[in-house]
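K.L.:
requesting a structural model of the entry that follows:
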Amino acid sequence: MMRVPITPRRAATASAEHPAAGEAFPKTGDLSKLLITEAKLAEEREWLVEVSAVVLQQSLRDLDTAYRNFFDGLKGKRPRMGAPRFKSLKANRQAVRFTGNARWKITTGVDLYLPKIGDVRVKWSRSLPSSPSTVTVIKDAAGRYFASFVVETDAPRFLRRAEKKLKREQRRLSRKVEGSKNRDKARIKVARAHAQMTDARREFHHQLSRLAKSVHDAGWSAFVTMLEYKAAKFGRSFRRIGRFEPTSQVCSQCGVKDGPKPLHVRVWECGACGAVLDRDINAAINVAKAAGLAVSACGAQVRPVLVPAQRSEAGTHRDGQPTVVGIPWL
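P.N.:
Numbers count the residues shown, from 1 in each chain. Sure thing, here's the model as predicted:
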């Protein structure tokens, strides 16, 4: 006969009220043996055999994450949240997630093969930019089914071309003699390259995320709250700076406040030290400094070249790396 475990709600409540007498945190392997392997032997749980084992394992991993978040909230490591609860069988929205271990695939006929289910006809809303790692099948309240894929995307090629051009103009500028007309011409070319890349990146971001509408709908307050607790979850530092910090008005090279500038001015030259500053990068450096972070500008007067993340780093969270919230609007 299968042993009946304490329900998640009762276990969470007992540990919350009597943490000193609480039992050790159950291991995922023990739960898997109890709730999957042994459960399949029970007559009333035979239906578990019809479900992909990877999906069942994923549900235990989600449960483990929910409990750890709950107890971390009790310990003050993150904002408090309610104890994990059972999902209702009457819920209008249902979802199941298949990771790569489940051996799901997109077939040659552009259908979706799901383990223990078979081929599923798909009406694609768009083409995938790269090979997906995970698919989540969702059933909404209207009885419709949707497939949501997790993919990795890189910056578009036109941004990379703009960055290469900027890097080339930077090198040419560094070779010109101080005070010469040729250096002045090279400086203008660098400023134009800055402006072109900034415009290209801004247009890409608007098209990708519809920034204005998304921000208005979600609200910055909710966004910052989510960022704060996710930073705590992944062991990252979270810091804020003053709302009215003049990040766009101060030269990041010499610290002189040059005053407010109209929005169409994207690149400007410091009147004190002569540094050519990209508005966005200058503000980003000032945000980092205001948050108490070490910034090494190395005397550079232009935007640094972006380095693509290595495949092993994609999707990971590095311990100890701070997350800084500072949006330069002006």
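K.L.:
any weak-confidence spans in the stretch 51-200 of the chain?
P.N.:
Across the stretch 51-200 of the chain, residues meeting the criterion (pLDDT under 70) sit at 153, 155-158.
K.L.:
what about the strands in the stretch 151-300 of the chain?
P.N.:
Under the criterion DSSP state E, counting those that start in this stretch, strands of the stretch 151-300 of the chain are mapped to 237-240, 267-269, 276-278.
K.L.:
who are the packing partners of the second one?
P.N.:
Put plainly, it is strand 267-269. For strand 267-269, the packing partners by 3 or more C-beta pairs under 8 Å, 6 or more residues apart in numbering; DSSP states H and E come out as helix 181-209, strand 276-278. (Each C-beta comes from the backbone N, C-alpha and C, glycine too.)
K.L.:
likewise for the longest one?
P.N.:
Using 3+ C-beta pairs under 8 Å, 6+ apart as the contact criterion, the elements in contact with strand 237-240 are helix 220-233, strand 322-325.
K.L.:
let me see the mean pLDDT of the last one.
P.N.:
With pLDDT averaged residue by residue, strand 322-325 scores 44.
K.L.:
what does the first one give?
P.N.:
Across helix 220-233, pLDDT averages out at 79.
K.L.:
and residue 123, how close does it get to residue 138?
P.N.:
14 Å (C-beta to C-beta, to the nearest Å).
K.L.:
sorry, back to before: ranking the helices and strands packed on strand 267-269 by burial, who's on top?
P.N.:
Burial of the helices and strands packed on strand 267-269 is given as mean neighbour count (mean count of other C-beta atoms under 10 Å); strand 276-278 ranks first at a mean of 23.
K.L.:
hmm, who's touching it?
P.N.:
187, 190-191, 194, 198, 251-253, 266-270, 301-303 (C-beta atoms under 8 Å, 6 or more residues apart in numbering).
K.L.:
residues near the closest residue to residue 39 other than its chain neighbours, how many?
P.N.:
Leaving aside its sequence neighbours, residue 39 sits nearest to residue 45 (C-beta to C-beta, 6 or more residues apart in numbering; 4.5 Å). Neighbours of residue 45 under the rule other C-beta atoms under 10 Å: 14.
K.L.:
same thing with the one 5 residues further on?
P.N.:
Counted with other C-beta under 10 Å, the neighbours of residue 50 add up to 8.
K.L.:
residues contacting the nearest residue to it once chain neighbours are set aside?
P.N.:
With sequence-adjacent residues excluded and distances taken as C-beta to C-beta, 6+ apart, residue 50 is closest to residue 116, at 6.2 Å. Residue 116 is in contact with 50, 51, 52, counting by C-beta under 8 Å, 6+ apart.
K.L.:
with residue 183 instead?
P.N.:
Contacts of residue 183 were listed using C-beta under 8 Å, 6+ apart, and they are 173, 176, 177.
K.L.:
in TSV: those, plus distance to residue 74 and neighbour count.
P.N.:
Shown next, in TSV, are these (distance: C-beta to C-beta, whole Å; neighbours: other C-beta atoms under 10 Å):
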residue	distance to residue 74	neighbour count
173	56	22
176	62	15
177	65	8
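K.L.:
and the gap between residue 194 and residue 276?
P.N.:
From residue 194 to residue 276 the distance is 8 Å (C-beta to C-beta).
K.L.:
make that residue 106, sorry
P.N.:
From residue 106 to residue 276 the distance is 48 Å (C-beta to C-beta).
K.L.:
which positions in stretch 135-151 come out as buried?
P.N.:
135, 137, 147 (16 or more other C-beta atoms under 10 Å).
K.L.:
err, stretch 116-135, not the other one
P.N.:
132, 135.
K.L.:
run the chain-centre distance for that stretch.
P.N.:
Its chain's C-alpha centre and that of stretch 116-135 lie 22 Å apart, by C-alpha atoms, centre = their mean, to the nearest Å.
K.L.:
between the two ends of that stretch, how far is it?
P.N.:
15 Å (C-alpha to C-alpha, to the nearest Å).
K.L.:
which element is residue 135 on?
P.N.:
strand 134-139 (DSSP states H and E).
K.L.:
alright, that wraps it up for me.
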